[in-house]
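> predicted structure and sequence below. I'll ask about it afterward.
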Amino acid sequence: MRAVLCFLLIILSGMWFVAFGQPDTLWTQHLQIGYSVSLYRAVELAEGGFAVAGSCSRDGATLDWFVARLSENGDVTWSRAFGTTEQSEQANSIVQTADGNLMLIGQSAAVSASSRTLALMGVSIAGDSLWTRSYSASQGLRKGMDGAALPDGNVMLVGYKLGTDQAHSDMWLLKVSAIGDTLWTRLYGGNDTDTGSRILAPGTGTNVYLAGQTKSNGSGDYDFWLLQTDSSGQQIADHPYGTPFIEKCFDIALGNSHLYLAGRTQDSRSDAYLVKVSSNYVAEWSRAYDNGGDEEQISGVADRPGGGAVCVGWTGASTTSTLPWLFRVNRHGTLEQSWTLSTVQSGQFAGILPITHGGYLAWGTITAAGNNEGYVVKYAPTGELCGFVNAEDTQQPIGGVHVSLADGSVMAVTDSLGHYSLDLVPGTHDVSAWGPCISRRTLSNVIVGQDSSTNTDFEVGSPQFECRQTSINMIVRNHIPNQAPLAVYNTGEGELELNLTVEMQQPNSNWLAVEPLHSVIPSGDSLILNVRVSADTTDNGIFEYYGFVVVHTSACPDSIARVPVWVSVLDAPGTPRTTAHAFALEPAYPNPFNPQTTLSYSVPRDTHVRLAVYDVTGRTVAMLSDGWQSAGTHQVRFDGTGFASGIYFVRMETSDFSAMEKLMLLK
């Protein structure tokens with residue numbers, strides 16, 4: 001229970017750690033035609049490899065369709081740009097149709113026009129243009145945002161256009177053939193602006209999930225919007241998710257009995273925003289993620305095997321100064337890994353998809369030498385290792401525990417429920433649970449499968465450090481090494497780790513050491529530490545040494561113990577001076593003492609001297625001198641026989657001088 005309480009304090013005080021390891025990259029590819037390329041969507045091809053789509057500028061003025069095919073190893077099979085100088089076109093999404101060809105979904109507009117029309121383009125798997133379709137608008141905008149291939153060979157599209165009230169946009173759902181012929185269309189919306197961003201048609205395609213944003217049905221301004229329809233577009237469910245501020249949804253991912261909606265939330269600044277939705281449309285949790293910039297966004301999300309999510313997007317000081325951003329969260333929404341592509345001038349990830357044979361493909365746009373380049377990266381297959389860390393004695397979950405590979409290369413931290421999750425390269429690993437307040441526990445040969453979740457729980461003990469010596473007091477001879485034992489105990493459960501250092505306050509030299517510097521004490525056992533002192537007063541004239549043995553432990557609540565070390569050197573100082581040039585009260589020698597010490601004082605002229613000893617309450621306990629003294633240096637002995645151990649003070653007073661020194665009597 002002490003470990004549980006300790007980690008609750010750590011969590012509440014904000015001492016929370018996130019692993020910042022770079023994900024394992026298999027390959028990257030840069031794409032450019034003309035002045036710039038921007039990538040918005042990708043698809044995994046049935047015959048292997050990938051196709052990516054977006055827009056490019058070949059003349060620096062208008063935008064054209066852009067599409068490229070990549071092999072499984074990231075090589076460019078072909079890349080194409082389609083368009084004219086009279087039109088600007090952009091592909092927001094791409095799907096592979098039942099005939100094996102590609103369909104680009106986006107918008108087009110005349111260069112001189114402000115309106116946009118939903119546009120489609122067919123491209124053969126070899127990169128040839130096959131056909132184009134557009135859906136003209138008499139007024140307002142029409143945009144195609146995403147598409148999903150259906151088992152019946154057709155394609156379902158989502159976007160938005162002007163609604164039935166002719167004042168606001170509605171989410172627009174279309175079913176078209178593989179060559180873009182319209183089969184039917186549907187509109188969804190209310191009395192304000194509602195738009196569609198992404199579509200999922202998993203399995204048989206009988207259930208279709210639509211993601212976008214609504215201003216008609218939300219709790220404030222724009223909210224995330226999730227709709228479910230059947231294959232004919234008949235609405236089954238309609239749910240907004242959000243805050244009183246502005247939320248914009250840019251992607252959706254389907255997991256086992258849950259969905260993720262991803263985008264951003266915006267008030268005075270924008271943060272990445274993620275909502276986990278259960279099978280009955282209840283928001284299990286929603287989280288905003290801040291990477292330290294004023295502008296953050298999730299543009300793509302993919303489900304992880306254990307129920308968490310991997311997110312990509314961007315982070316930066318402004319929307320024009322961003323870096324590609326990837327981060328992972330566990331099934332409770334706790335941030336576990338965060339990484340930015342800081343080797344580029346600027347850029348943004350636009351999406352991510354899980355690959356059939358393991359791993360993820362992410363894509364977006366980066367700026368290099370002033371031009372935009374398409375950027376594609378393939379991340380290695382991973383497996384998830386997850387579970388809980390519980391206290392050995394109480395079986396209560398412990399938050400704030402570090403769980404890592406034994407070499408520390410990959411690390412996560414348990415959340416308040418004691419849960420952890422690691423994305424690891426498939427294979428066999430040694431994994432450790434460790435941290436303050438607990439004993440390290442290592443499990444060997446843990447097998448992690450590809451694209452699967454392996455559950456491994458840890459039970460950890462709560463060691464307790466005890467040192468029954470309040471200080472180490474030594475009287476030594478000059479130049480002769482001395483040592484003293486320091487006994488420490490582990491009165492708790494689990495192994496107690498110790499790491500030792502020393503601090504030398506006076507003098508600041510190498511006179512104090514302790515060994516061993518690192519040790520592990522089993523539960524219920526003890527250890528004798530060897531404290532070594534080597535005093536040398538030859539050069540410094542200091543006969544009192546003061547320092548600490550510092551013990552760093554894995555116990556709580558105090559993980560650091562400081563044991564004072566007091567040392568007095570027996571060798572007497574030189575012969576007292578017979579001529580004094582100023583009033584002075586010299587330090588007592590020895591000090592600490594038992595039971596006698598010698599006090600030296602100097603007066604430059606004949607004068608009355610009062611030399612008295614006081615206890616800590618200010619009571620006079622001994623009068624060493626109270627009379628006329630001749631000029632010179634004098635010595636007087638103080639005998640502490642009959643006095644209790646403790647701190648005393650000696651005070652010297654003359655008509656125009658006073659001084660005080662501290663004495664320590666040790667018996």
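Alright, I've got the coordinates.

> what about the strands in the stretch 551-667 of the chain?
With DSSP state E, counting those that start in this stretch as the criterion, the stretch 551-667 of the chain has strands at 560-569, 584-585, 596-603, 607-615, 620-629, 632-639, 646-653, 658-665.

> next, count neighbours for residue 562.
Using other Cβ atoms under 10 Å, residue 562 is surrounded by 11 other residues. All C-beta atoms are positioned from the backbone trio N, CA, C, and that covers glycine.

> any idea how far residue 80 is from it?
Using Cβ to Cβ, to the nearest Å, residue 562 is found at 70 Å from residue 80.

> check residue 339 too.
From residue 339 to residue 80 the distance is 32 Å (Cβ to Cβ).

> could the strands of the stretch 551-667 of the chain go into CSV alongside distance to residue 360?
CSV is the format used below for the strands of the stretch 551-667 of the chain (distance: least, Cβ to Cβ, whole Å):
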stretch, distance to residue 360
strand 560-569, 42
strand 584-585, 76
strand 596-603, 75
strand 607-615, 74
strand 620-629, 79
strand 632-639, 79
strand 646-653, 68
strand 658-665, 67
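
> out of those, nearest to residue 133?
Among those, the nearest to residue 133 by Cβ to Cβ is strand 560-569 (70.9 Å).

> pLDDT-wise, which helix or strand of this structure ranks last?
For the chain, using mean pLDDT, DSSP states H and E, the weakest element among its helices and strands is helix 2-12, scoring a mean of 35.

> other SSEs contacting the next helix or strand after that helix?
Next helix or strand after helix 2-12 toward the C-terminus (DSSP states H and E): strand 25-31. Secondary-structure packing of strand 25-31 (3 or more Cβ pairs under 8 Å, 6 or more residues apart in numbering; DSSP states H and E): strand 64-70, strand 76-82, strand 371-379.

> elements contacting the last one?
Read that as strand 371-379. Against strand 371-379 (3+ Cβ pairs under 8 Å, 6+ apart) you get strand 25-31, strand 36-44, strand 50-57, strand 64-70, strand 360-368.

> between those strands, which one is closest to residue 327.
strand 360-368 (11.9 Å).

> buried residues in the closest one, which are they?
Of the residues in strand 360-368, 360, 361, 362, 363, 364, 365, 366, 367 count as buried by neighbour count, 16 or more other Cβ atoms under 10 Å.

> just put these in CSV and tack on pLDDT and distance to residue 223.
What follows is those, written out as CSV (pLDDT from 0 to 100; distance: Cβ to Cβ, whole Å):
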residue, pLDDT, distance to residue 223
360, 94, 28
361, 97, 30
362, 98, 27
363, 98, 27
364, 97, 26
365, 97, 28
366, 96, 31
367, 91, 32
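
> for stretch 634-644, measure first residue to last.
Terminal residues of stretch 634-644 lie 27 Å apart, using Cα to Cα, to the nearest Å.

> no wait, stretch 334-348
23 Å.

> repeat for stretch 247-260
From its first residue to its last, stretch 247-260 covers 14 Å (Cα to Cα).

> list the buried residues for that stretch?
Result for stretch 247-260 [16+ other Cβ under 10 Å]: buried residues 247, 248, 249, 250, 251, 252, 253, 255, 258, 259, 260.

> which of the helices and strands packed on strand 25-31 sits most buried?
Counting by mean count of other Cβ atoms under 10 Å, strand 64-70 has the highest mean neighbour count of the helices and strands packed on strand 25-31, with a mean of 24.

> can you give me how far that one is from the chain middle?
36 Å (Cα atoms, centre = their mean, to the nearest Å).

> what sits against residue 217?
Residue 217 sits next to 190, 194, 223, 225, 238, 240 when contact means Cβ atoms under 8 Å, 6 or more residues apart in numbering.

> again with residue 149
Going by Cβ under 8 Å, 6+ apart, the list of residues near residue 149 reads 95, 96, 97, 98, 155, 201.

> tell me how far the closest residue to the last one other than its chain neighbours lies from residue 93.
Counting by Cβ to Cβ, 6 or more residues apart in numbering, residue 148 is the residue found nearest to residue 201 once chain neighbours are left out, at 3.9 Å. In this structure, residue 148 and residue 93 are separated by 9 Å, where distance is defined by Cβ to Cβ.

> count the neighbours of the residue nearest to residue 593 when sequence neighbours are not counted for me.
Leaving aside its sequence neighbours, residue 593 sits nearest to residue 665 (Cβ to Cβ, 6+ apart; 6.4 Å). If you count neighbours by other Cβ under 10 Å, residue 665 ends up with 20.
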